[in-house]
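[1] Requesting a structural model of the entry that follows:
(one chain, ligands or ions: 1)
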Amino acid sequence: MASEAPHRPRKRFGQNFLHDKFVIEQIVEAFNPDPDLAIVEIGPGKGALTIPLLHKFGTINVVEIDTDLAQLLDDNCRTTGDLRLHVADALKFDYSQIQPAPLQIIGNLPYNISTPLMFHLLSQFSNIKFMVLMLQKEVVDRICASNNEKDYGRLSVMVQAQCQVEKLFSVPPGAFNPIPKVTSAVVKLTPNKTLNSGIEDSLMFEQIVRQAFSQRRKTLRNALRDLVDISCLETLSISPASRPENLSVKDYIDIANYIYFQQNQ
Ligand code: SAM
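    Prediction:
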């Protein structure tokens, strides 16, 4: 078990520590990594997940920004297993230094950086086998929403263009200490190389998706007026009168690729 050495949770690092044994077991169970590939935990904190993972798999890489917690964890895990500690900012960390890849990533992420961190990880996604992440439930709902659902938006399209997404379960605030104001949920993201490699120009794709959802109440014709002409939508059998939330991820990829080929023919 993690040491009970006094540590005052630091709000700026989003420190809400898991203490519910059932939830911890549920997450470790859901992780199910290949033991021959590297396991990386982001934000191990006091070791609520790290220690059972070390018991189960022997070697874990962890990336922790808080030097005090890193020291505490190192002391606690000395006899538990092979803890490979990287005292670093997970937002800037170069995950390619950890081997053997592709990596299997787990983390109860600090809510204040969860979305940029997920995109930082996805920018290295050819190096990642899968990620099991605890995030704010509201963010997980947005990541996993399908078109025509109320939570569907830019985050759904950008993540689903790169990953298969699977919401695993919700976690109530009482599972953490200190108790957060929001409900959490665990999501599994598995990079989908086939879908992503269909995007010819990722900057163009990003621009189309951002522009569409910045004007989500407009029709597609109006929302994308500066970027896409009607003939593009007609060729792709997408109704110009539809709204941004009606289009599938594949529709957005098709629009971005159409423009790319038009510009590069
Ligand atoms: N895994 C532990 C648990 O479940 O109890 C702690 C989770 S707590 C929500 C988030 C952890 O991420 C803390 O240990 C915090 O110090 C760490 N953290 C916050 N920002 C970070 C960053 N930019 N890079 C690496 N770790 C960070």
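
[2] Buried residues of the longest helix anywhere in the chain, list them for me.
    Across the chain, the longest stretch assigned as helix under DSSP state H is helix 249-263. Within helix 249-263, the residues scored as buried using 16 or more other CB atoms under 10 Å are 249, 251-260. C-beta: built from backbone N, CA, C; applies to glycine.

[3] what mean pLDDT does that helix have?
    Mean per-residue pLDDT for helix 249-263: 94.

[4] Any chance you could give me it in CSV, C-alpha atoms only?
    C-alpha atoms of helix 249-263 as CSV (Å, rounded to 0.1, in the frame of the first residue of the first chain):
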residue,chain,number,x,y,z
VAL,A,249,-15.8,11.6,-38.7
LYS,A,250,-15.4,10.0,-42.1
ASP,A,251,-17.4,13.0,-43.7
TYR,A,252,-14.9,15.4,-42.2
ILE,A,253,-11.9,13.4,-43.5
ASP,A,254,-13.5,13.3,-46.9
ILE,A,255,-14.1,17.0,-47.0
ALA,A,256,-10.5,17.7,-45.9
ASN,A,257,-9.1,15.3,-48.5
TYR,A,258,-11.3,16.7,-51.3
ILE,A,259,-9.8,20.2,-50.6
TYR,A,260,-6.3,18.8,-50.4
PHE,A,261,-6.6,17.1,-53.8
GLN,A,262,-8.2,20.2,-55.3
GLN,A,263,-5.3,22.3,-54.1
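
[5] tell me what that helix is packed against?
    helix 154-160, helix 202-214, helix 230-235 (3 or more CB pairs under 8 Å, 6 or more residues apart in numbering; DSSP states H and E).

[6] between the longest one and helix 249-263, how many degrees?
    Right, the one you point to is helix 202-214. Counting by axes from the mean of the first three to the mean of the last three CA atoms, to 10 degrees, helix 202-214 lies at 120 degrees to helix 249-263.

[7] Could you list the residues in contact with the helix or strand just after helix 202-214?
    Counting by DSSP states H and E, the element after helix 202-214 in chain order, helix or strand, is helix 220-223. Residues from elsewhere that reach helix 220-223, judged by CB atoms under 8 Å, 6 or more residues apart in numbering: 211-212, 214-216, 230, 233, 238-244, 246-247.

[8] Pick out whichever of those sits closest to residue 32.
    Using CB to CB, residue 247 is the member of the contacts of helix 220-223 that lies nearest residue 32, at 33.7 Å.

[9] For the closest one, give me its contacts.
    147, 212, 220, 238.

[10] Run a quick neighbour tally on residue 38.
    The tally of other residues near residue 38 (other CB atoms under 10 Å) stands at 21.

[11] quick one: it from residue 205, how far?
    Per CB to CB, to the nearest Å, residue 38 is found 30 Å from residue 205.

[12] OK, now which residue of the stretch 151-265 of the chain is nearest to the ligand?
    Evaluated by CB to the nearest ligand atom, the stretch 151-265 of the chain has residue 176 as its residue closest to the ligand, separated by 7.3 Å.

[13] Identify the residue spatially nearest to that residue, adjacent ones excluded.
    Among residues not flanking residue 176 along the chain, residue 16 sits closest, at 4.1 Å (CB to CB, 6 or more residues apart in numbering).

[14] Assess the claim that that neighbour and residue 178 are in contact.
    Yes. Judged on CB atoms under 8 Å, residue 16 makes contact with residue 178 at a distance of 6.0 Å.

[15] So for those two, which sits in the more crowded spot?
    residue 16 (22 against 10).
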